[in-house]
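>>> The sequence and its predicted three-dimensional model are supplied below.
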2 protein chains.
Amino acid sequence: MLSEERRNAIVSYIDKNGTATVQDLVDVIDASAATIRRDLLMLHNENRIVKVFGGATSLDYKEMSSAEPSVGDKMTLNTREKELIAEYAASLISDDDFVYIDSGTTTLCMINYITNSKAVYVTNGIVHAKRLIERGYSTMIIGGKVKPTTEAVIGSRSVEELARFNFTKSFMGTNGITERAGFTTPDEEEALVKSEAIKHTLQSYVLADHSKFGVVTPVTFANIWDCCIITDTVPDKNYADLTMIKSVSQQ
Amino acid sequence: MLSEERRNAIVSYIDKNGTATVQDLVDVIDASAATIRRDLLMLHNENRIVKVFGGATSLDYKEMSSAEPSVGDKMTLNTREKELIAEYAASLISDDDFVYIDSGTTTLCMINYITNSKAVYVTNGIVHAKRLIERGYSTMIIGGKVKPTTEAVIGSRSVEELARFNFTKSFMGTNGITERAGFTTPDEEEALVKSEAIKHTLQSYVLADHSKFGVVTPVTFANIWDCCIITDTVPDKNYADLTMIKSVSQQ
DNA sequence: CGAAAAATGATTAATTATGATTGAATATGG
DNA sequence: CCATATTCAATCATAATTAATCATTTTTCG
């Protein structure tokens, strides 16, 4: 058996079962533990599996204990509401729009519902850009520092770049919405990017499920009247007097 | 039996079965192991098969067998040569380097071997940026249009952005290398980005396996003496007089 | 035909992959 | 926190594979 064949067998076993211990692989494949370990190390370097203590897991195997939520993990939270919000937001895009899509999980979800291929899309999310391109849309990405946790492009360079654009519509994520603090986010640099994008947009939308209302996080990136909120259910009617709200709840 | 038809028989056997050991081929084809090896070497240099230790595999063997987990990463045809080239290139990065990593599959492979977390990395590849960040490196991305097929950031905006950087090292991919045409690529916009990156770099490296030598594609992005070539085997000794070459072949 | 060139097969030294061993590192269960 | 049990990485000896060499055969072409 060729060593390549053996390594492929290891990868398919792991992909099929999600995980495998070194002993599992020794039993299934005719090779010693030392060889299996060497293979796992090589496959890990080639990004074909993830080597962990005791064995290996497939690339897309989710670790439940992971404390920091990366973009991929957060996707699974609050799906039903997010889907509805995302679907409605995507429907707003028309042919000659120049659209800015903010980084964040709700906006990422929105991309799946986009159907307009005549519009041009700009984003500061690495994953967002990748998905837009995969789906065949005309896409641009903002340059700058990449923030590790959210895979968003931020920093002064990004702000400068944004200043040269004039969007017709922008779709933003947020961490908190209150009447007094407006739209807020925990990261100052991310907030600067968001503000700049909104500043250069004709009509900005904030995509936020009901859990975001009444929450304040450190930095404000827009006042409550600057953006139209797209949400599922509005907890407080006061908001209606201050800004435009589109509720997409099912009933 | 004509040597040419024997080689064709070898290729079809390998294409049909995915892999073959030297012994397999000796059994099937009426020739000695030495001849089979010579054939495999020749066929490998002609890019008709991939020679591996113990035998050979078809060109797309790895792609076929692994159930592709992440979309878009399917273009990673990682041959043994690419791995070696990538590994050596990654080892060149030192602590206070400001590194540019060009889009392309060989440079993507290189990221897996990077270990220096003190350097700062800039790239125009969407997937490259994502992987750099995932692996925990300080990363920046160039802004601009995203090219659908390669997921590379290109266009005038990218060139403008690059003009503001001063890299200590850059690692480039290429489609062709010849003495007269230098380093070439099929896409003009991509060529412009590459040239600009090289222009703002102290020492540029081109990562290229043997199959790129003697190939000319429409647009030149650098002269042969502008970059140090990192490759597996150099087909023509003339190159050594024109540029710096580091060969990482196993022999 | 016959010499030169090319291809082939056998042999061998060198390279590479593998498997076993061992001290060090890491996880587990109090 | 500790002690214990796994697992790991490094090392080495062994087995397998290879590239290089050379003698022999086949092909080429004047």
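Good, I have the coordinates. Numbering: from 1, shown residues only, chains lettered A, B, ... in the order given.
>>> Point to the residue nearest the middle of chain A.
A:T105 (3.9 Å; CA atoms, centre = their mean).
>>> Could you tell me how far that residue is located from A:V206?
14 Å (CB to CB, to the nearest Å). Where C-beta positions appear, they are placed from N, C-alpha and C, glycine not excepted.
>>> tell me which parts of chain A are close to chain B?
Counting by CB under 8 Å from any CB of the partner chain, the residues of chain A close to chain B are A:2-5, A:8, A:11-12, A:15, A:45-48, A:58-60, A:126-127, A:129-130, A:132-134, A:136, A:138-146, A:148, A:151, A:153, A:155, A:157-158, A:161.
>>> Buried subset of those residues, written for PyMOL?
In PyMOL syntax, the buried subset of the residues of chain A next to chain B is picked out as below (16 or more other CB atoms under 10 Å in any protein chain shown):
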select buried, chain A and resi 2+3+4+5+8+11+15+46+47+48+58+59+126+127+129+130+132+133+139+140+141+142+143+144+145+146+148+151+153+155+157+158+161
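>>> Give me the subset of the residues of chain A next to chain B lying in strands.
Mapping the residues of chain A next to chain B onto strands (DSSP state E) picks out A:S138, A:T139, A:M140, A:I141, A:G144, A:K145, A:V146, A:V153.
>>> Kindly give the local confidence score, pLDDT, for the fourth one.
The confidence metric pLDDT takes the value 98 at A:I141.
>>> Not counting residues beside it along the chain, what's closest to it?
Nearest residue to A:I141, sequence neighbours excluded (CB to CB, 6 or more residues apart in numbering or on different chains): A:A129, at 4.4 Å.
>>> Quick check: the residue of the stretch 51-200 of chain A nearest chain B.
Residue nearest to chain B within the stretch 51-200 of chain A (CB to the nearest CB): A:G143, separated by 2.9 Å.
>>> Next up, the contacts around the residue lying closest to that residue once chain neighbours are set aside.
Spatial nearest neighbour of A:G143, excluding adjacent residues (CB to CB, 6+ apart): B:G143 at 2.9 Å. For B:G143, the contacting residues are A:M140, A:I141, A:I142, A:G143, A:G144, A:V153, A:S158, A:E161, B:V153, B:R157, B:S158, B:E161, taking CB atoms under 8 Å, 6 or more residues apart in numbering or on different chains as the criterion.
>>> switch to 10 Å and redo it
Contacts for B:G143 (CB atoms under 10 Å, 6 or more residues apart in numbering or on different chains) come out as A:122, A:124, A:140-144, A:153, A:157-158, A:160-162, A:164, B:124, B:153, B:155, B:157-158, B:160-161.
>>> go on, A:K194?
Neighbouring residues of A:K194 by CB under 10 Å, 6+ apart: A:100, A:102-104, A:124, A:152, A:154, A:159, A:162, A:170, A:172-174, A:183-185, A:187, A:204, A:206, A:219-222, A:227.
>>> Validate this expectation: it resides in a helix.
Yes. Counting by DSSP: H, G, I helix; E, B strand; the rest coil, A:K194 is found in a helix.
>>> for DNA strand D, what are the nearby residues on chain A?
By CB under 7 Å from any atom of the strand, the residues of chain A that approach DNA strand D are A:T21, A:V22, A:Q23, A:A34, A:R37, A:L41, A:V52, A:F53, A:G54, A:G55.
>>> swap the cut-off to 10 Å and go again
Listed as neighbours of DNA strand D in chain A under the rule CB under 10 Å from any atom of the strand: A:1-3, A:21-24, A:32-34, A:36-38, A:40-41, A:44, A:51-56.
>>> out of those, which are buried?
By 16+ other CB under 10 Å, these give A:L2, A:S3, A:V22, A:D24, A:I36, A:R37, A:L40, A:K51, A:G55, A:A56 as buried.
>>> follow-up on the earlier one: how about the residue nearest to A:G143, phi and psi?
As for B:G143, its main-chain torsions (degrees, to the nearest 10) stand at phi -90, psi 160.
>>> Which one of the buried ones among the residues of chain A next to DNA strand D is nearest to DNA strand D?
The shortest approach to DNA strand D among these belongs to A:V22, at 4.3 Å (CB to the nearest atom of the strand).
>>> Output the longest helix belonging to chain A.
When chain A is parsed with DSSP state H, its longest helix is helix A:3-17.
>>> pLDDT on that one, on average?
95.
>>> and that helix, how far from the chain's centre?
30 Å (CA atoms, centre = their mean, to the nearest Å).
>>> One more: stretch A:224-231?
The chain centroid and the centroid of stretch A:224-231 are separated by 20 Å under CA atoms, centre = their mean.
>>> what's the average pLDDT for it?
For stretch A:224-231, mean pLDDT rounds to 92.
>>> can you check stretch A:187-201 too?
pLDDT averaged over stretch A:187-201 gives 97.
>>> From the contact counts, what lies against the helix or strand hosting A:T107?
Using DSSP states H and E, A:T107 maps to helix A:105-111. On a contact count with 3 or more CB pairs under 10 Å, 6 or more residues apart in numbering or on different chains; DSSP states H and E, helix A:105-111 meets helix A:71-74, helix A:79-91, strand A:98-101, strand A:120-123, helix A:126-134, strand A:167-172, strand A:201-207.
>>> So which bits of the second one are buried?
Applying a neighbour-count criterion of 16+ other CB under 10 Å, the buried positions in helix A:79-91 are A:E81, A:K82, A:E83, A:L84, A:I85, A:A86, A:Y88, A:A89, A:A90.
>>> From these, pick the one nearest DNA strand C.
Comparing those against DNA strand C with CB to the nearest atom of the strand places A:K82 closest, at 34.0 Å.
>>> returning to that earlier point: just the ones of the residues of chain A next to DNA strand D in strands?
Assignment to strands by DSSP E places the following of the residues of chain A next to DNA strand D there: A:T21, A:K51, A:V52, A:G55, A:A56.
>>> separation between the second one and DNA strand C?
The reference is to A:K51. 12 Å (CB to the nearest atom of the strand, to the nearest Å).
>>> so who does the residue nearest to that residue when sequence neighbours are not counted touch?
Nearest non-adjacent residue to A:K51, counting by CB to CB, 6+ apart: A:H44, 3.9 Å away. A:H44 sits next to A:V50, A:K51, A:V52, A:A56, B:N112 when contact means CB under 10 Å, 6+ apart.
>>> List phi and psi for whichever residue of the stretch 51-200 of chain A sits closest to DNA strand C.
In the stretch 51-200 of chain A, the residue that lies nearest DNA strand C is A:F53 (4.3 Å; CB to the nearest atom of the strand). Main-chain torsions, A:F53, degrees, to the nearest 10: phi -60, psi 120.
>>> A:V26 contacts A:T35, correct?
Yes. Contact criterion CB atoms under 10 Å: A:V26 and A:T35 qualify, at 8.8 Å.
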